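Q: got a predicted model here, sequence first, then my questions.
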Amino acid sequence: QMQLVESGGGLVQVGESLRLSCTVSGGSFSWYSMGWLRQAPGKELEFVAGISRSGGTYYADSVKGRFTISRDNAKNTVYLQLNSLKAEDTAIYYCACRPTASYGTTAADYPYRGQGTQVTVSS
């Protein structure tokens, strides 16, 4: 049974940074593509960033240039560096897994998700 556990969320001010981490157990992490999704209050779950097995990345337009996804296969961990945070980035952030080599570009492409970590950006 695959488990995805996120950490690193919190309360920050506009313009500040956070680093989210997600450790995966119970699966072949290095074979999977990974992603981050988020859900803001009253809004649908949306795709944020994805990284393929080989390390290729893709970002939603709303975070491009500010967020960076990366992975450490030796640690079974995927990261999301969030810089220049805006109030509209406030959401629950979910680590997600797509058990294929290539990343997906929508939330529906990731069938496995963690419990989420709250990111609140205060103005």
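A: Cool, the structure landed. Numbering: from 1, shown residues only.
Q: may I see the buried residues of stretch 95-111?
A: Under the neighbour-count criterion of 16 or more other Cβ atoms under 10 Å, stretch 95-111 has Cys95, Ala96, Cys97, Arg98, Tyr103, Gly104, Ala107, Asp109, Tyr110 buried. All C-beta spots, glycine's among them, are computed from the backbone N, C-alpha and C.
Q: next, the last one: phi, psi?
A: Geometry field for Tyr110 lists phi and psi as phi -120, psi 100, criterion degrees, to the nearest 10.
Q: out of the buried residues of stretch 95-111, which comes closest to Ser52?
A: Here the nearest of the buried residues of stretch 95-111 to Ser52, counting by Cβ to Cβ, is Tyr103; it sits at 4.6 Å.
Q: which residues are in contact with that closest one?
A: The contact partners of Tyr103, by Cβ atoms under 8 Å, 6 or more residues apart in numbering, come to Ser33, Met34, Gly35, Gly50, Ile51, Ser52, Gly56, Thr57, Tyr58, Asp109.
Q: of those residues, buried ones?
A: Buried among these (16+ other Cβ under 10 Å): Ser33, Met34, Gly35, Gly50, Ile51, Ser52, Tyr58, Asp109.
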